[in-house]
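Q: Fold the following for me, if possible:
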Amino acid sequence: MTNEIGGDALLDPFEVRVLAVLAEKEALTPDNYPLSLNTLTNGCNQLSSRDPVMSISEDTVAEVLQRLMQAKYVNGITQAGARVTKYEHRLRIKFSLEQDKLAVLTMLMLRGLQTAGEIRTRSGRLHDFKSVAEVEHALQFLIDKYPPLVSKLPLAPGTKEPRYGHLLAGEEALAREETAASLGGSVGGAGQGTKIGALEQEVQQLRRQVDDLTAQFAAFRQQFE
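A: The predicted model follows:
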C-alpha cells in the first residue's frame, strides 16, 4: 500500500472534509468564496449532505488548513483591508481536473461510497450531468489517472450497480469504509457520525502530542551536538 498519492502524503479524514467543503462551496456560493475560517468550519460540521457527519472545532480546522497549505492543496488569501484570511482549494490545478471531474471527486469526498446514479442525483448544483453515462465517463477519467484518484468497488451482495470511492486517503481507508458500509449500511447516521468525529478529534490531539514530543526531543539532542 502506498502512503502517498502523486508524491503527496495521504490525507486524513479532516483534510478530506476541509478540501471537499472548499470545492463544494466554490460552486454553491461563489459570491462568498474564498471561505473564511468560520464559514469553512460550519461547512465541515454541516448535518446535511455529509457522510459521516463530523464535529470539528475551529482550531482544528485552522491546523488542517496549515497542513493543506504546506502540501499546496489550499491557498490562503489576505485581501487589502480585510480582517480575516480566506481560503481556496487547489484541487483543480493540482490534479488537472475540469469541473465535471472535480464535481464527482467532491461528491465522493463529502458523502462516501456511491454509485454513478447517486452521484448524478446529488451533484446537480456542482455540475449538470445529462446522463449517468457522463458520470461514468468522469469516474473512469479519475480511475485512469496516475496515480488513480478513484476506485471502482466490486459489486456488493444483492446490488446491481457498483459503488465508487476516492483514494485521497489511501486504499486501506477505502477498504475500511467499504467494510463499514457492508456491515452497517450507511455510516452517516448522526449518532455514528458524532462518534467518528470524536475519534477524529482524539487522533488530532495525539498527533499534536507526537509533534510536541518530537520537537522536545530534537531540542534535547541539540544540547549534545
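Q: For this protein, just list every one of the helices.
A: Ranges of helices within the chain are 13-28, 37-44, 58-70, 91-94, 99-111, 116-122, 132-144, 171-184, 190-222, based on DSSP state H.
Q: Make CSV from these and add distance to Gln79, mean pLDDT and mean neighbour count to it.
A: For glycine as for every other residue, the C-beta is placed from the backbone atoms N, C-alpha and C. Formatted as CSV, the helices of the chain follow (distance: least, CB to CB, whole Å; pLDDT from 0 to 100; neighbours: other CB atoms under 10 Å):
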stretch, distance to Gln79, mean pLDDT, mean neighbour count
helix 13-28, 17, 98, 22
helix 37-44, 14, 98, 19
helix 58-70, 17, 97, 17
helix 91-94, 20, 97, 16
helix 99-111, 24, 98, 24
helix 116-122, 33, 97, 19
helix 132-144, 33, 98, 18
helix 171-184, 36, 89, 15
helix 190-222, 29, 64, 12
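Q: Would you format those helices as CSV with distance to Leu153 included?
A: Listed next are the helices of the chain as CSV, based on distance: least, CB to CB, whole Å:
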stretch, distance to Leu153
helix 13-28, 18
helix 37-44, 26
helix 58-70, 27
helix 91-94, 22
helix 99-111, 11
helix 116-122, 12
helix 132-144, 11
helix 171-184, 6
helix 190-222, 20
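Q: right, so of those, which gets closest to Asp51?
A: Minimum separation from Asp51 across the helices of the chain (CB to CB) falls at helix 99-111, 4.6 Å.
Q: who's in contact with the closest one?
A: With contact meaning CB atoms under 8 Å, 6 or more residues apart in numbering, helix 99-111 is reached by 16-17, 19-21, 23-24, 27, 49-51, 91-92, 95, 97, 114, 119, 122-123, 126-127, 129, 134-135, 138-139, 141-142, 149-150, 164-166, 168, 188.
Q: what about 6 Å?
A: Applying CB atoms under 6 Å, 6 or more residues apart in numbering, the contact partners of helix 99-111 are 16, 20, 23-24, 51, 92, 119, 122-123, 126-127, 138-139, 141-142, 166.
Q: Out of the residues you listed, which comes closest to Asn38?
A: In terms of CB to CB, no member of the contacts of helix 99-111 lies closer to Asn38 than Glu24, at 16.4 Å.
Q: Tell me the spacing between the closest residue to the closest one other than its chain neighbours and Cys44.
A: Using CB to CB, 6 or more residues apart in numbering and skipping the chain neighbours, the partner closest in space to Glu24 is Thr106 (5.6 Å). Look at Thr106 and Cys44: by CB to CB, to the nearest Å, they are 14 Å apart.
Q: One more: Ser57?
A: 10 Å.
Q: Same question for Arg50.
A: Separation of Arg50 from Cys44 (CB to CB): 8 Å.
Q: Same question for Ala116.
A: Ala116 sits 26 Å away from Cys44, taking CB to CB as the criterion.
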